[in-house]
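Enquirer: What follows is a protein structure lacking sequence information:
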């Protein structure tokens, strides 16, 4: 059964230096508060995995937590670039960042393979691209039944996956709904998992289209109201578009970013 406790306790137990860490969420239910706690606890040399890294990954990279990024798209959605990400790639600040780029379909299928206990996934999604020339984990494969040339990508099995959801019950069963992204697959593929939730309730009431993660696949649950901000949690909060716009100016300048980082860490800039 999943343990219910504080976010600080969960990150201290589950996230270790050098881990492969996935913080998943597609526009919705992004585990931002958990990302900030990883920064506060000073984790280093992480391989960060996510289909669509946005500003929380920009923050993790700028804070020096990341050694490598595995992804399929990166940006500040609706605004522009991730400037801490760009600074790391272009200038090695605060540290060099290794990149492994995939397609959306490739990343989604890698999670599915990991969740299914399979070593790799097969798809057509890389046909016509040059990703196989720049990404070592993209390999051609021939179908043994039809002779068709397809592409294989290895399963992704994070050391720890972190997601945000609307509710959990006191037994640690988790319920999420809205835009689910690959949260379910990320949790099932991981060795350890942390779910932050808007609230812990006595009973999970049925919601149309909801995904339920049973407590036996979740390692830790932490009640963190507003833990997805500035993204949103359907039924609990709305997306803070102004926050995304404001991040652009903060992230462009190392000194302004340093002031923001000091605030997250709770120290004087």
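Expert: Cool, got the structure. Every value quoted in this text rests on a predicted model; they were computed, and no experiment measured them.
Enquirer: And the worst-scoring helix or strand of the chain on mean pLDDT, what's buried?
Expert: Ranked by mean pLDDT, DSSP states H and E, the weakest helix or strand in the chain is helix 131-134, scoring a mean of 88. Residues residue 131 are the ones in helix 131-134 that count as buried (16 or more other Cβ atoms under 10 Å). Any C-beta I mention is one placed from the backbone N, CA and C, and that applies to glycine too.
Enquirer: could you point out which element follows it?
Expert: Using DSSP states H and E, the helix or strand that follows helix 131-134 towards the C-terminus is strand 139-142.
Enquirer: So which residues make contact with the least confident helix or strand of the chain?
Expert: With Cβ atoms under 8 Å, 6 or more residues apart in numbering as the test, helix 131-134 has contacts from 101-103, 106, 126, 138-140, 151.
Enquirer: if I read this right, residue 231 contacts residue 31, doesn't it?
Expert: No - counting by Cβ atoms under 8 Å, no contact exists between residue 231 and residue 31, whose distance comes to 9.0 Å.
Enquirer: Pull up the overlap in contacts between the two.
Expert: residue 25.
Enquirer: So for these two, which residue has more residues nearby?
Expert: Taking neighbours as other Cβ atoms under 10 Å, residue 231 and residue 31 compare with residue 31 leading, 29 against 26.
Enquirer: The more buried one - nearest residue in space that isn't next to it in sequence?
Expert: residue 164 (4.3 Å; Cβ to Cβ, 6 or more residues apart in numbering).
Enquirer: and the gap between that neighbour and residue 180?
Expert: With distances defined as Cβ to Cβ, to the nearest Å, the gap from residue 164 to residue 180 amounts to 11 Å.
Enquirer: So which bits of stretch 21-38 are buried?
Expert: Within stretch 21-38, the residues scored as buried using 16+ other Cβ under 10 Å are 21-26, 28-38.
Enquirer: Do you have the helices of the stretch 101-250 of the chain handy? List them.
Expert: Along the stretch 101-250 of the chain, counting by DSSP state H, counting those that start in this stretch, helices occupy 104-116, 131-134, 183-189, 241-252.
Enquirer: out of those, which comes closest to residue 56?
Expert: For residue 56, the closest of these is helix 241-252, at 9.9 Å, according to Cβ to Cβ.
Enquirer: hmm, who's touching that closest one?
Expert: The set of residues external to helix 241-252 that reach it, using Cβ under 8 Å, 6+ apart, is 55, 58, 62, 76-80, 82-84, 229-230, 256-257, 260.
Enquirer: tell me the mean pLDDT over it?
Expert: Averaged over helix 241-252, pLDDT sits at 98.
Enquirer: Buried residues in it, which are they?
Expert: 244, 247, 250-251.
Enquirer: tell me which of the residues you listed is nearest to residue 10?
Expert: residue 247 (25.3 Å).
Enquirer: where's the closest one relative to residue 83, distance?
Expert: Applying Cβ to Cβ, the value for residue 247 to residue 83 is 9 Å.
Enquirer: between the two, what contacts are shared?
Expert: Shared contacts of residue 247 and residue 83 (Cβ under 8 Å, 6+ apart): residue 58.
Enquirer: Could you pull out the strands in the chain for me?
Expert: Here the chain has its strands, by DSSP state E, at 3-5, 20-23, 46-50, 66-71, 98-101, 120-123, 139-142, 149-154, 160-169, 174-176, 192-201, 211-213, 220-223.
Enquirer: so what strands line up beside the fifth one?
Expert: Here strand 98-101 is paired, per DSSP bridges, with strand 66-71 (parallel).
Enquirer: How about the first one?
Expert: The sheet places strand 3-5 alongside strand 220-223 (parallel), with pairing taken from DSSP bridges.
Enquirer: pLDDT on the partner strand, on average?
Expert: For strand 220-223, mean pLDDT rounds to 98.
Enquirer: what do you get for stretch 22-35?
Expert: 97.
Enquirer: end-to-end on it?
Expert: 10 Å (Cα to Cα, to the nearest Å).
Enquirer: Nearest spatial neighbour of residue 184, chain-adjacent residues omitted?
Expert: Counting by Cβ to Cβ, 6+ apart, residue 184 lies nearest to residue 211, which is 5.3 Å off, once chain neighbours are set aside.
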